[in-house]
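J.: build me a model from this:
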Amino acid sequence: GSRAWNGYPAAYGMDPRVANDPLYRDRLKPALQSLPTLSIVCRSEDLFGPRSGLYLHAEARGETWEKPCSAELILSDGSKGFQVDCGLRMQGNSTRMDMKTPKHAFRLAFKEKFGPPKLNYPIFPDSTVTKFDTLVLRADFNVSWLHWDAGTRPHSQRIRDAWTKDSHRAMGGLAGHNRYVHLYLNGLYWGVYDAAERLDASFAASYLGGTKNDYDVVNEYQVKDGTMEAFNALQSVPGLANRSAYRKLQQLLDVPQFIDYLLLNYYVGSRDWGDSKNWYAIRRRAPAGAFQFLVWDAEQVLLDANDDMLSSPYLPPFRLAGELAANAEFKLAFADRVQKHFFNGGALTPAAAAERWMKRAREVDLAIIAESARWGYYRRNPPFTRDRDWLAEQQRLLKSYFPVRTTIVLDQLRAAGLYPKIAAPTFNQQGGAVPEGFQLTMAARGGGAIYYTTDGFDPCVPATGAVSPHAKTYSSPVSLPNSATVKARVLKQETWSALVEAPLTTAA
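T.: Now for the predicted structure:
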């Protein structure tokens, strides 16, 4: 295309080396039909004009840089999309900078001054929420074909952020949703984007109840909604190794959720995460709730199977993680979450992680051809393509990342004292339906005594490390009541293993 006024080349077209390639020519139209189309139409001066065009002033922020537009979702299967008049503004940090990437991110704002005050449409098939104040249109910059670091470009897959949020949900956490679209700006094809929820008070109220005035939302130390008061209190609980401080912390922080959040970031080897990078914390003020941490902008993930996030120096708010590592009760709670997610088909076991990956990969599998034609040439000649580059990275993940990563992180957690060296007990059935008269057997692979309960209590008292009065010592196969959740731990030389839980139901 022509050159833009600011000295960066303007790129509008599809690369004929991809579009006319016999390998892709006949797949390009199906590729463009394989995702919903999101068509955004603005006055051309508001979008590309030299004086007030959003695209040429991508680093400008605030409501004065919000322009009226029409957004239309068109579904290729003929089912009903939407057309809505709304506000359009730029979004993100690095993705705004022309020197870094020509493919900028956007945000749609639904406000009465532009049109309806909310978008009323079920845009995310995997979410129950159908009303939105705003939608982020993610362009993907880190670990993309457009990134200015040549080392990470070949790893582009377009699905890392969505997969990481899917993973947090699979672990039981609260996470935003993503949906892939082909974006058109005033009729020009602009590539594969993902519509995503903005993690604000409106998002919190949609999933956790109440109204948006009930929430504190903190993003990288900036208060987005509510106040900083409770977050500051959370930051300043002293002496977390001590039991009363830990009790106080538990009022302010959802500890099992925080552990899952840390564990996920350790597993994915998140390189663009830390004190001031890429996190949200949300709490409900009334009734007083505890903060939950949420994944945001997880793109520099799943890169090297040997990445070790545990030896990174801890900074606030993850100073908490460093201080809590000296608390025996927290360490046992951490071990229990590792046991849940790293074993027995848990969310971060190799097959579960790879299966979630392929579910997202299938969504963009054809669409990536259009992305390659639109942007694959920007920093490389010949251009990046689906069959050569995208599939190669997919194979690397499936063959040499997911199969080994769980064990590698488990070893890192053991070395950090966050998972005991004593193995948890194994059962002859890990959960589900069992025949009448079923006998449950348990084994302690590394020796030690097995303590178990069938009444929902923990076999150990986490605060003191004592054997719970509810626990029985395992000595021979156990006959169960009609349905029971069996909880068991091994105790060896005053050290407890992680907890194993198996919900078992007797088939009638």
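J.: please give me every residue in contact with the residue most central in space within the chain.
T.: In the chain, the residue lying closest to the centroid (Cα atoms, centre = their mean) is K165, at 2.1 Å. Shown in contact with K165 (Cβ atoms under 8 Å, 6 or more residues apart in numbering): 175-178, 295, 298. For every residue, glycine as well, the C-beta is placed using N, CA and C.
J.: that one falls within a helix, correct?
T.: Yes. Assessed by DSSP: H, G, I helix; E, B strand; the rest coil, K165 belongs to a helix.
J.: quick check: closest non-adjacent residue to it.
T.: A175 (4.0 Å; Cβ to Cβ, 6 or more residues apart in numbering).
J.: host element of the one you found?
T.: Assigned by DSSP states H and E, A175 belongs to no helix or strand.
J.: ok, it - how many residues close by?
T.: 24 (other Cβ atoms under 10 Å).
J.: pretty sure it contacts A298?
T.: No. Using Cβ atoms under 8 Å as the test, A175 is too far from A298 to be in contact (9.9 Å).
J.: for Y401, see how far away the residue nearest to K165 is.
T.: Distance of A175 to Y401, given as Cβ to Cβ, to the nearest Å: 21 Å.
J.: continuing past the one helix or strand A230 maps to, what's the next helix or strand?
T.: In this assignment (DSSP H and E), A230 forms part of helix 229-235. Sequence order places helix 243-252 as the next helix or strand after helix 229-235, per DSSP H and E.
J.: show me what that following helix is packed against.
T.: helix 229-235, helix 319-324, helix 328-342 (3 or more Cβ pairs under 8 Å, 6 or more residues apart in numbering; DSSP states H and E).
J.: can you put those in JSON lines and add mean neighbour count and distance to S372?
T.: Output for the helices and strands packed on helix 243-252, formatted as JSON lines (neighbours: other Cβ atoms under 10 Å; distance: least, Cβ to Cβ, whole Å):
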{"stretch": "helix 229-235", "mean neighbour count": "16", "distance to S372": "43"}
{"stretch": "helix 319-324", "mean neighbour count": "19", "distance to S372": "39"}
{"stretch": "helix 328-342", "mean neighbour count": "22", "distance to S372": "34"}
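J.: need these in a markdown table (columns: mean pLDDT).
T.: Formatted as a markdown table, the helices and strands packed on helix 243-252 follow (pLDDT from 0 to 100):
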| stretch | mean pLDDT |
| --- | --- |
| helix 229-235 | 95 |
| helix 319-324 | 87 |
| helix 328-342 | 97 |
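J.: returning to that earlier point: by contact count, what packs against the helix holding A230?
T.: By 3+ Cβ pairs under 8 Å, 6+ apart, helix 229-235 packs against strand 215-219, helix 243-252, strand 279-284.
J.: leaving out chain neighbours, which residue sits closest to P122?
T.: Nearest to P122 is T130, by Cβ to Cβ, 6+ apart, at 4.6 Å.
J.: list phi and psi for that neighbour.
T.: phi -130, psi 0 (degrees, to the nearest 10).
J.: if I look at it, how far off is N120?
T.: 6 Å.
J.: quick one: residues contacting G210.
T.: Contacts of G210 (Cβ under 8 Å, 6+ apart): 284, 286.
J.: ignore the last one, N242
T.: Per Cβ under 8 Å, 6+ apart, neighbours of N242: N327.
J.: Y401 now?
T.: By Cβ under 8 Å, 6+ apart, the neighbours of Y401 are 302, 305.
J.: any idea how far it is from R247?
T.: In terms of Cβ to Cβ, Y401 sits 39 Å off from R247.
J.: how about the helices in the chain?
T.: 16-19, 28-33, 44-48, 160-170, 201-208, 229-235, 243-252, 255-268, 319-324, 328-342, 350-364, 367-375, 391-396, 402-415 (DSSP state H).
J.: closest to G62 out of those?
T.: helix 44-48 (15.2 Å; Cβ to Cβ).
J.: can you pull the buried residues of that closest one?
T.: By neighbour count with 16 or more other Cβ atoms under 10 Å, helix 44-48 contains the buried residues 46-48.
J.: so which of these is the closest to L35?
T.: Closest to L35, out of all of these and judged by Cβ to Cβ, is L47, at 21.9 Å.
J.: surely the closest one meets L56?
T.: No. The pair formed by L47 and L56 falls short of the contact definition of Cβ under 8 Å, at 9.0 Å.
J.: quick one: distance of stretch 134-143 to the chain centre.
T.: 13 Å (Cα atoms, centre = their mean, to the nearest Å).
J.: ah, wrong one, I meant stretch 489-506
T.: 29 Å.
J.: where's the closest residue in space to L440 that isn't next to it in sequence relative to G151, distance?
T.: Computed as Cβ to Cβ, 6+ apart, the closest residue to L440 that is not its neighbour in sequence is V478, at 4.6 Å. For V478, the distance to G151 equals 54 Å [Cβ to Cβ].
J.: next up, the contacts around E72.
T.: 38-41, 81-84.
J.: how far away is it from K100?
T.: If you go by Cβ to Cβ, the gap between E72 and K100 works out to 29 Å.
J.: what's the answer for A361, then?
T.: Counting by Cβ to Cβ, the gap from A361 to K100 is 26 Å.
J.: these two: which is more packed in?
T.: A361 (20 against 17).
J.: go ahead and confirm the more buried one touches R158.
T.: No. A361 is beyond contact range of R158, at 9.0 Å (criterion: Cβ under 8 Å).
J.: and the pLDDT for the residue nearest to the centre of the chain?
T.: The model reports K165 with a pLDDT of 98.
J.: low-confidence ranges, this structure, go.
T.: 1-10, 312-316, 508 (pLDDT under 70).
J.: can you do 80?
T.: 1-11, 274-276, 311-318, 481, 507-508 (pLDDT under 80).
J.: for the contacts of K165, pick the one with the most neighbours.
T.: In the contacts of K165, the most neighbours by other Cβ under 10 Å go to V295, 27 neighbours.
J.: report the contact partners of that residue.
T.: V295 is in contact with 164-165, 168, 173, 175-176, 261, 264-265, 279, counting by Cβ under 8 Å, 6+ apart.
J.: and those residues, which two are furthest apart?
T.: G176 and N265 (15.6 Å).
J.: where do the strands of the stretch 351-500 of the chain begin and end?
T.: 426-427, 432-434, 439-440, 442-443, 449-453, 460-461, 466-467, 472-473, 478-479, 483-492, 495-496, 500-506 (DSSP state E, counting those that start in this stretch).
J.: of those, which is nearest L348?
T.: strand 500-506 (16.1 Å).
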